[in-house]
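Enquirer: sequence plus the predicted model coming up.
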Amino acid sequence: MVTIDYTILGMLSWKPMTGYDMKRMMQDSPVMYWSGNNNQIYKALVQLLDMGYVTNELQYQESAPNKKVYSITDSGRAALEAWILETEPEIPEFKKAFLIQISWAGLMEKEKIDQLLARYEEQVREQIAMRQEEKRRQKYFPNRSEQEHYVWDQIYDNLCQSYEAELQWTVRFREGLKALK
């Protein structure tokens, strides 16, 4: 199985969802990054259904199309737990397009570089504010237990700290640039 399969199992361990609900959650969540399309979600759901890791139930709706709501099975939970415990954690890759962009800025006037950095700083500040608000609202916190709440709290702290470090770097960069003669 691939990461999308485990992402789906994780979301379904929280609560039953439609494929559309999962796609929206993946789009909105800073944790569950994924750029695939809906077809990949539904293809993964069919495979998980065939493996017995999920079930689905057709919900009839009077004023809207019927929808399939998926739920995780006990064997799906076991597979998710095995993946969590047995898969070696991956060290993050730091691929920052902005570093490539700024790499060649030394050829430009300081004022232009500072303008670029100022725009970047503003974007980073916006990301910090968004992540802090998401944490405050606990939009994607399953909150089934104190321990689970703590885990999600730490995930959002990790995201915020990453952006805070980026902000500090940008501020130092701008200050150092201004100090150059």
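Expert: Now that the structure is in, tell me what you want to look at.
Enquirer: buried residues, the least confident helix or strand in the chain by mean pLDDT. List them.
Expert: Here the helix or strand of the chain ranked lowest by mean pLDDT, DSSP states H and E is helix 19-28, holding a mean of 86. Neighbour-count burial for helix 19-28 flags 19, 21-23, 25-26 (criterion: 16 or more other Cβ atoms under 10 Å). The C-beta positions use only the backbone N, C-alpha and C, and glycine is treated the same way.
Enquirer: helices and strands around the lengthiest helix in the chain, which ones?
Expert: Looking only at the chain and at elements set by DSSP state H, the helix with the highest residue count is helix 146-179. With contacts taken as 3 or more Cβ pairs under 8 Å, 6 or more residues apart in numbering; DSSP states H and E, helix 146-179 sits against helix 110-137.
Enquirer: in the chain, where is pLDDT below threshold?
Expert: For the chain, the stretches with pLDDT under 70 are 33-38.
Enquirer: for the residue nearest the centre of it, phi and psi?
Expert: In the chain, the centroid-proximal residue (Cα atoms, centre = their mean) is Val31; its distance is 2.2 Å. Torsion angles at Val31 (phi, psi; degrees, to the nearest 10) stand at phi -90, psi -40.
Enquirer: distance of the closest residue in space to it that isn't next to it in sequence from Leu9?
Expert: Among residues not flanking Val31 along the chain, Ile155 sits closest, at 5.8 Å (Cβ to Cβ, 6 or more residues apart in numbering). The gap separating Ile155 from Leu9 is 17 Å, by Cβ to Cβ, to the nearest Å.
Enquirer: those two: who's more crowded?
Expert: More neighbours surround Leu9 than the other of Ile155 and Leu9, with 25 against 16 (other Cβ atoms under 10 Å).
Enquirer: could you export the helix or strand harbouring that one as CSV, CA atoms only?
Expert: Under the criterion of DSSP states H and E, Leu9 resides in helix 3-14. Extracted C-alpha coordinates of helix 3-14, given in CSV (Å, rounded to 0.1, in the frame of the first residue of the first chain):
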residue,chain,number,x,y,z
THR,A,3,0.8,6.7,1.7
ILE,A,4,-2.6,7.7,0.3
ASP,A,5,-4.1,4.4,1.5
TYR,A,6,-2.8,5.0,5.0
THR,A,7,-3.9,8.6,4.9
ILE,A,8,-7.4,7.4,4.0
LEU,A,9,-7.4,4.8,6.8
GLY,A,10,-6.3,7.4,9.3
MET,A,11,-9.1,9.8,8.3
LEU,A,12,-11.6,6.9,8.5
SER,A,13,-10.2,6.0,11.9
TRP,A,14,-11.4,9.4,13.0
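Enquirer: quick check: angle from that helix to helix 19-28?
Expert: Inter-element angle recorded for helix 3-14 and helix 19-28: 110 degrees (by axes from the mean of the first three to the mean of the last three Cα atoms, to 10 degrees).
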